[in-house]
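*Asks:* sequence-free structure coming up:
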């Protein structure tokens, strides 16, 4: 049995605003994170990357502070302030010394309520974003990843590039970014998490100062994830000595009662380095790849299982056959007792490593809130994992893994397909 894990989460309310807090004064550092639903899902068609550029522009000056002065103000007090547009959320946060909390609060509020959008800063941000978009497509992996999501969700924002393309970023306007932020940064519908050297009373007083000046109302919630399109196998011709393979299938949602059992199954399949079945079969036994992994992406209220690896063009067909065979075997027979024990030991033993600093704690609290977790969800996680029997894991493997429905993108010059 592992040592029971507990996280002392406090709920702090300030009028309509609510935050989860893990208070810890052992180090004089405070981390606060907050998010809204939306993000890149708000990008207008043909202007993908609008919200990602808008998030970057919030760091390029606000109020009477131009970009350099704004960055200097952050640097002077060692404040780490961030804004980011994910596929289905817009997230923000800062980390600072406790003494710098008033300045961190002031600069974060200023960025959200009075961004400058100076022309020189805009062109700098646009050039950087376009360069990044082009660079992401310079490798087979970048092309395979983009093609996978487009094919799996062709009519939903999940299928669009969250950071945009060179063409769509060139079309992003200041008016479009301002409109996106106006719809996104609202006083309501925001989730807040905090950790570190801050008391509940301090956090309660801080929340209205941070968010109270934003317009009332909550942002619209993006459309839920539609059914996964089982698109079969697609090949993207890319000049390269190796092919990159991205494969996937429908997953499960965080509220599913089989969540813990699914984590165990995916750990055994391809989530545990050399201990996973796929690494053993594809790399160790046959030397087909340097590494192969499988994970579960949760977005838009849904879940998608994805896997990735690269191999020589001449061996793509063999690698895909072995991968599907491993997938099928685990779905048909479930894990062994030894595999179950190893997966549970890893998942329970590694949990405390997620809470080594205030930023990671705040991020975890925010993820829990986004996934609709109960406040005591983490405290019972190890017990739920240890309660999963081999029969239960086998049932979930059969339910979860669908080898006949695996969708595959191959980017490269594969032979024999």
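*Replies:* Sure thing, it's come through. Everything quoted here is computed from the prediction, not taken from an experiment.

*Asks:* Only C-alpha atoms from now on, for both contacts and neighbour counts.
*Replies:* OK.

*Asks:* Which residues in stretch 335-354 does the neighbour count mark as buried?
*Replies:* Of the residues in stretch 335-354, those scored as buried under the neighbour-count criterion (16 or more other CA atoms under 10 Å) are 335, 339, 340, 341, 343, 344, 345, 347, 348.

*Asks:* Please, which helix or strand holds residue 217?
*Replies:* For residue 217, there is no helix or strand it lies in under DSSP states H and E.

*Asks:* now the one 3 residues further on
*Replies:* Element membership of residue 220 [criterion: DSSP H and E] is none; it lies in no helix or strand.

*Asks:* so what's it up against?
*Replies:* Neighbour list for residue 220: 37, 38, 183 [criterion: CA atoms under 8 Å, 6 or more residues apart in numbering].

*Asks:* Need phi/psi at it.
*Replies:* Reported as degrees, to the nearest 10, the phi and psi values for residue 220 are phi -60, psi 140.

*Asks:* Please apply the same query to the one 3 residues further on.
*Replies:* In terms of degrees, to the nearest 10, the main-chain angles of residue 223 are phi -60, psi 140.

*Asks:* Burial check on the closest residue in space to residue 306 that isn't next to it in sequence, number of neighbours?
*Replies:* On the basis of CA to CA, 6 or more residues apart in numbering, the spatially nearest residue to residue 306 that is not a chain neighbour turns out to be residue 248, at 4.2 Å. Using other CA atoms under 10 Å as the criterion, residue 248 is surrounded by 25 other residues.

*Asks:* got it, and residue 378?
*Replies:* Here the count is done by other CA under 10 Å, and residue 378 has 18 residues near it.

*Asks:* helix/strand/coil for it?
*Replies:* Secondary structure for residue 378, judged by DSSP: H, G, I helix; E, B strand; the rest coil, is coil.

*Asks:* these two touch, right, it and residue 260?
*Replies:* No: taking contacts as CA atoms under 8 Å, residue 378 lies outside contact range of residue 260: 11.5 Å.

*Asks:* just to revisit the earlier point, adding secondary structure and pLDDT, write the buried residues of stretch 335-354 out as CSV.
*Replies:* Listed next are these as CSV, based on DSSP: H, G, I helix; E, B strand; the rest coil; pLDDT from 0 to 100:
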residue, secondary structure, pLDDT
335, coil, 97
339, helix, 96
340, helix, 97
341, helix, 96
343, helix, 96
344, helix, 96
345, helix, 95
347, helix, 95
348, helix, 94
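
*Asks:* where along this protein do the strands fall?
*Replies:* 10-14, 17-23, 29-37, 61-62, 65-66, 80-85, 89-97, 191-196, 233-237, 242-250, 292-299, 302-312, 407-412 (DSSP state E).
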